[in-house]
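Colleague: Next come a sequence and a model predicted from it.
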Amino acid sequence: MVYGENGKIRPVDNKYDGGIIMRRLKKIVTAMLAAAVLISGAAVPMEAQAASTLEKVLYGTAAMVFISRYFSDMDDHQQLQFLETCQKETGVYESAEAQTRVADIYDRLVETGAVERNYIVYVSPDEDINAFMSLGGVMCINKGTLDAMDDDELAYIMAHELVHGEKRHSVNGVKKRVGLQTALSIYLGSEQGVGGVILGNIAANYISNAVFTKDQEKEADSLGFQYLVEAGYNPGGAAASMSVLLDKYGDKPRTGLKGVIAPADHPSTKERVEKNGKRLYEYSGNHVKAKDNWILINGEKTFQPAETKRYTQTERAYLTAGKLAAVYHDGNVQNARYKDGMIQIGNVPIYTVSSRENGMEIEAALNKGIVLDRGDPVKKKSEVEKRKDKLKEKRIETAETAVR
């Protein structure tokens, strides 16, 4: 089972002829090259024999533009082909419960309006914690990720992968796998069908390799946090998910498909935990943070959450801090109160007290930090609020256009 928009596969063009597309794109890029030649005043022959330095630069540039456009076209039109390729490599976990879970999270992320492309999401049976976004907008999430993470944590992993798709990171990454000489031979070659096969094989092999750059990973982490909070998930889910990854695999770089989330040339997992912790702190208006498994409010150490069968102490620290951060983001925080095994602030459940903990002591510790500064609503618009405003304006414009 796979899910696209509203849990269904969106029809895509499955009659993709690489040779035809390649010839069409070559005409476009050749026209661009001809225009560049006219501007430069050079006389470039169509066969790059005895080419000048300028001519080599022009041909090389045209070839790489051509490759980029070709992969972009594949990204737009070969969703079902990439789905088939991915599933052959990873297998499919046949569980309606698992598929419904990822579909529900996907729908919530899409409903923010931040996700503009259509994606197909499926679960593989792999027990490792991992996920990846393929060309064509195909997201694969391992069963191991679903088992290890709750919905707030899983939503961040999915949001992170959606950013890769929205920013076309896959296209930029896979085109770098094509060397200049290969690009030139394909661009100048007469057998376009052969060139299409070569590029198709490179694209198909991409899913087994980590092709994202460190900057792209950082962008996916940052925007993924924004997607997470816009969809109403716990802001602490971002740092908590990375702490799960750090706890299981450490900071040792991984290779192959297992390295898609944390390959050797990406930010370290520890760094990603810390960066998401900083985003949580900023989202709270600089009132709440988790450090060394302590919950800090206005710089005051309050308490350290107890580990449970489901969560590590670090996870609970970030998830609890995330709930407090969301309350502080809205401002004017009320006192915490303990009742029936639960710490609440207003009507918001903050923390479930275990049998090993003293609820009244936790209540008092939290209030010791809260009374120092109850906070004001975050007046300076964060990137999250700015994007919400843009999305609202976009929806209004769409509605007005539909009425006309």
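Modeller: Right, received. Where do you want to start? Residues are numbered from 1 along each chain as shown.
Colleague: for the stretch 301-404 of the chain, what spans make up the strands?
Modeller: Along the stretch 301-404 of the chain, counting by DSSP state E, counting those that start in this stretch, strands occupy 336-339, 342-345, 348-352.
Colleague: which residues does residue 342 bridge with?
Modeller: residue 339, residue 352 (DSSP bridges).
Colleague: just to revisit the earlier point, among the strands of the stretch 301-404 of the chain, which is nearest residue 140?
Modeller: Nearest to residue 140, of all the strands of the stretch 301-404 of the chain, is strand 348-352, at 32.6 Å by CB to CB. C-beta here means a position set from N, CA and C on the backbone, and glycine is covered the same way.
Colleague: looking at the strands of the stretch 301-404 of the chain, which is closest to residue 316?
Modeller: Set against residue 316 and scored by CB to CB, the strands of the stretch 301-404 of the chain come closest in strand 348-352, at 8.1 Å.
Colleague: The closest one packs against which elements?
Modeller: Counting contacts by 3 or more CB pairs under 8 Å, 6 or more residues apart in numbering; DSSP states H and E, strand 348-352 is packed against helix 313-330, strand 342-345.
Colleague: what's the burial count for residue 304?
Modeller: Neighbourhood size, residue 304 [other CB atoms under 10 Å]: 18.
Colleague: per the record, what domains does this protein have?
Modeller: As assigned by the TED database, the chain contains the domains 53-268, 285-403.
Colleague: any idea of the mean pLDDT for the first one?
Modeller: Within the predicted structure, the mean pLDDT of domain 53-268 is 81.
Colleague: Can you list the low-confidence ranges for the stretch 301-404 of the chain?
Modeller: Scanning the stretch 301-404 of the chain for pLDDT under 70 picks out 380-385, 387-388, 404.
Colleague: Repeat the analysis, applying 90 as the threshold.
Modeller: Applying pLDDT under 90 to the stretch 301-404 of the chain flags the ranges 332, 377-404.
Colleague: got a list of what the closest residue to residue 245 other than its chain neighbours touches?
Modeller: Counting by CB to CB, 6 or more residues apart in numbering, the nearest residue to residue 245 once its immediate chain neighbours are dropped is residue 269, at 5.3 Å. With contact set as CB atoms under 8 Å, 6 or more residues apart in numbering, residue 269 has these partners: 242, 245, 246, 249, 250, 251, 262.
Colleague: next one: residue 242
Modeller: By CB under 8 Å, 6+ apart, the contact set of residue 242 is 269, 272, 273, 276.
Colleague: And these, which is closest to residue 156?
Modeller: In terms of CB to CB, no member of the contacts of residue 242 lies closer to residue 156 than residue 276, at 7.9 Å.
Colleague: That closest one and residue 245 touch, don't they?
Modeller: No. When contacts are counted by CB atoms under 8 Å, residue 276 is not listed as touching residue 245 (11.4 Å).
Colleague: Have a look at the two and say which one is more surrounded.
Modeller: Using other CB under 10 Å, the more surrounded residue of residue 276 and residue 245 is residue 276, with 27 against 23.
Colleague: Would you indicate which residues of stretch 161-170 are buried?
Modeller: 161, 162, 163, 164, 165, 166, 168, 169, 170 (16 or more other CB atoms under 10 Å).
Colleague: Pick out the most distant pair among those.
Modeller: Longest span within the buried residues of stretch 161-170, CB to CB: 161 and 168, 13.1 Å.
Colleague: burial count for the nearest residue to residue 285 once chain neighbours are set aside?
Modeller: In space, and not counting its chain neighbours, residue 285 is closest to residue 378: 4.8 Å by CB to CB, 6+ apart. Residues lying near residue 378 (other CB under 10 Å) number 19.
Colleague: how much space between residue 378 and residue 158?
Modeller: Distance, residue 378 to residue 158, by CB to CB, to the nearest Å: 25 Å.
Colleague: Fine, thanks again, bye for now.
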